[in-house]
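Novice: here is a sequence with its predicted model. Questions after.
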Amino acid sequence: MAEIRCTKCGNKIYIDPFSLPYKGEVACDNCKNVMKVDLSTSYFVVETNHPDPYDDFSNYYWWKISELERHSITEAALSLGSGAYTASEFMSLRTLESVCRRYYKKVTGKDYKGSWASIIEEMAEDPQFKSYTGALHYFREVRNRVGHPEGTSSKLDAESSYKMSIRLAKELVDKLEPIAKNE
């Protein structure tokens, strides 16, 4: 009997040798992680189907971001796993935009009703946000690329935006008060 291990929890998953070669998805019975699997009698490839935003944020941060932010970063992860890289980048940016707006409100005391591009521009020019200027300029360029139909995102673009959005969101969330779980 062929076996593989879950990429998330390490659980053994047995594969019927009569079903080889097999190419498709397999879900772990233990943690429900879905993996892409390519098995033959001479080799096998097992990889996580999509990132897990709960794990990427960790429990500590997961409950400090809003329901909208959790939903958006989950869509980014699912889009990344399905090969919809431009959609993944867009949803990563949406998550970050929401966190930036909350952080902006905390620092300045006012709601920001302008566009994502304009909040990035204003934050990048404000000395209170100086430590985030480089990252904000990077995300402004990503937003410009993703927001226009001249091209599409690559897997590397989407993975980078996903991971960098989470990293910056965590830094900003550390400076915010916890929010209600249902906000």
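Specialist: Received, thanks.
Novice: low-scoring stretches of this protein, by residue?
Specialist: Per-residue confidence for the chain (pLDDT under 70) gives these ranges: 1, 41-49, 177-183.
Novice: all the helices of it, residue numbers only.
Specialist: 53-62, 67-82, 85-108, 116-125, 133-146, 155-174 (DSSP state H).
Novice: any buried residues in the longest one, and which?
Specialist: Buried residues in helix 85-108, counted by 16 or more other C-beta atoms under 10 Å: 85-104. Using the backbone N, CA and C atoms, a C-beta is placed for each residue, glycine as well.
Novice: deepest-packed of the helices of the chain, please.
Specialist: helix 85-108 (a mean of 21; mean count of other C-beta atoms under 10 Å).
Novice: re the thing from before, in JSON lines: the helices of the chain, plus distance to residue 8.
Specialist: Supplementary listing: the helices of the chain in JSON lines, determined by distance: least, C-beta to C-beta, whole Å:
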{"stretch": "helix 53-62", "distance to residue 8": "8"}
{"stretch": "helix 67-82", "distance to residue 8": "13"}
{"stretch": "helix 85-108", "distance to residue 8": "19"}
{"stretch": "helix 116-125", "distance to residue 8": "32"}
{"stretch": "helix 133-146", "distance to residue 8": "28"}
{"stretch": "helix 155-174", "distance to residue 8": "17"}
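Novice: who wins for proximity to residue 16 among these?
Specialist: Closest of these to residue 16 is helix 67-82, at 25.0 Å (criterion: C-beta to C-beta).
Novice: only alpha carbons, please: show that closest one as PDB.
Specialist: Included here for helix 67-82 are C-alpha records, laid out as PDB according to Å, rounded to 0.1, in the frame of the first residue of the first chain:
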ATOM      1  CA  GLU A  67     -14.200  39.400   9.700                       C
ATOM      2  CA  LEU A  68     -13.800  41.200   6.300                       C
ATOM      3  CA  GLU A  69     -10.000  41.000   6.600                       C
ATOM      4  CA  ARG A  70     -10.200  37.200   7.500                       C
ATOM      5  CA  HIS A  71     -12.500  36.600   4.600                       C
ATOM      6  CA  SER A  72     -10.300  38.600   2.200                       C
ATOM      7  CA  ILE A  73      -7.100  36.900   3.100                       C
ATOM      8  CA  THR A  74      -8.900  33.500   2.900                       C
ATOM      9  CA  GLU A  75     -10.000  34.300  -0.600                       C
ATOM     10  CA  ALA A  76      -6.400  35.400  -1.400                       C
ATOM     11  CA  ALA A  77      -5.100  32.000  -0.300                       C
ATOM     12  CA  LEU A  78      -7.800  30.000  -2.100                       C
ATOM     13  CA  SER A  79      -7.200  32.000  -5.300                       C
ATOM     14  CA  LEU A  80      -3.500  31.400  -5.000                       C
ATOM     15  CA  GLY A  81      -4.100  27.600  -4.700                       C
ATOM     16  CA  SER A  82      -6.400  27.600  -7.700                       C
END
